[in-house]
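> Below is the sequence, then the predicted model.
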Amino acid sequence: MVPVADRKLNGLVAATFSPFSPDGEINLPVIEQYVDYLIEKQGVKNIFVNGTTGESMSLTVAERKALTEEWCLKARGKMDQVIVHVGCMSLKDSQDLARHSVKVGANGIAVISPSFFKPKTADDLRTYLQEVASAAPTLPFYYYHLPAVTGVNVQVRDLIEGIEKFIPSFSGVKFSGTDLMDFGQCVSYSLPQWSVLYGIDEQLLAGLAMGASGAVGSTYNYMGSQVNKLMLAFEDGNLDQARAIQFKIQELLSYATKLGFDVGVNKQLMTDVSGLSLGPPRLPVMQCPSDRAQLLKKKYHSIFH
């Protein structure tokens, strides 16, 4: 993997699912096949592991370390970058995972805001992020913004102002929010070496128009090849083609939402499309019922094949 210091994080980043065995234990042997699938079938060479899609908050620290180590090992020499999400409710756990990410050769770390005891202001959140980043000062550091889940609605533009003075390793934002004004202000303010990555898959084209340097999302696990075409069309100025692909993605996700789209349903769709054995989600997320899975699989193939 190319060190991120030598290469800005751009383009498509798949937020990976954590593979489990049928009885709910992490299933590390699947990861090598998963890496090859992303590269060969989807054209995706950057991954964001142990995030929301990876059910990180339902995993133990030991499980997250084991997954991180295996992702980094199997991606080495094949993928460009592995970004590891190390956010936890406990600062000490986050710092432990950050140090571990250095040890196993990750290309960067990302942190979501704590969501039980919530930071109230941009200064509070920045102070927390600084403490995590200080545990791994050599690794590029990304803030993972997900207000719909965390309930932390701090404006990212306020957070990143002057952040490089507090976190010299700060390298950008995974912006998984719908506030395009805040997103645009982040792009406008950002330093040239930062990556501002958009994380709402169904409106990626709007994020690109606002200046996103790339995208991180769960659907890029099984729609990466389509989204690469969307991004290429946008770069070429072919907005009609880019819109056509975006509308197809919206059609699928709108349909999935009516079926109760969540991590469990999403994981099942990835299993059905890829053929990988990813296992069930971990409680309290429920496994997707088979009838719903069949409907969604049929819809996917009707749109993209």
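Yep, it's here.

> what about the helices in the stretch 51-200 of the chain?
Using DSSP state H, counting those that start in this stretch, the helices of the stretch 51-200 of the chain run over residues 61-75, 91-103, 122-133, 147-150, 156-160, 163-166, 180-189.

> May I see the buried residues of the third one?
Within helix 122-133, the residues that qualify as buried by neighbour count (16 or more other CB atoms under 10 Å) are 122, 125, 126, 128, 129, 131, 132, 133. C-betas here are computed from N, CA, C, even on glycine.

> any idea how far the third one is from residue 105?
To tie it back to what came earlier, the one meant is residue 126. The gap separating residue 126 from residue 105 is 27 Å, by CB to CB, to the nearest Å.

> again with the last one
When CB to CB is applied, the distance between residue 133 and residue 105 equals 18 Å.

> Contacts only, for the residue nearest to residue 113 when sequence neighbours are not counted.
If the residues on either side of it in the chain are set aside, residue 113 comes closest to residue 152, at 4.2 Å by CB to CB, 6 or more residues apart in numbering. By CB atoms under 8 Å, 6 or more residues apart in numbering, the contact list for residue 152 reads 113, 114, 115, 118, 119, 125.

> Mind picking the two most distant members of those residues?
Farthest pair in these (CB to CB) is 115 and 125. Separation: 11.6 Å.

> all strands of the protein, in order?
11-15, 46-49, 81-85, 108-112, 141-145, 170-175, 195-198, 214-217 (DSSP state E).

> Just want the angle from the fifth one to helix 91-103.
Here strand 141-145 runs at an angle of 130 degrees relative to helix 91-103 (axes from the mean of the first three to the mean of the last three CA atoms, to 10 degrees).

> which helices and strands does strand 141-145 pack with?
strand 108-112, helix 122-133, helix 156-160, strand 170-175 (3 or more CB pairs under 8 Å, 6 or more residues apart in numbering; DSSP states H and E).

> Mean confidence (pLDDT) on the first one, please.
Right, strand 108-112. Averaging pLDDT along strand 108-112 gives 98.

> Just the CA coordinates for it, please, in CSV.
Taking C-alpha atoms only, strand 108-112 is exported to CSV below (Å, rounded to 0.1, in the frame of the first residue of the first chain):
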residue,chain,number,x,y,z
GLY,A,108,-4.9,6.3,8.3
ILE,A,109,-7.4,6.4,11.1
ALA,A,110,-10.9,7.9,11.4
VAL,A,111,-12.9,8.8,14.5
ILE,A,112,-16.7,9.3,14.9
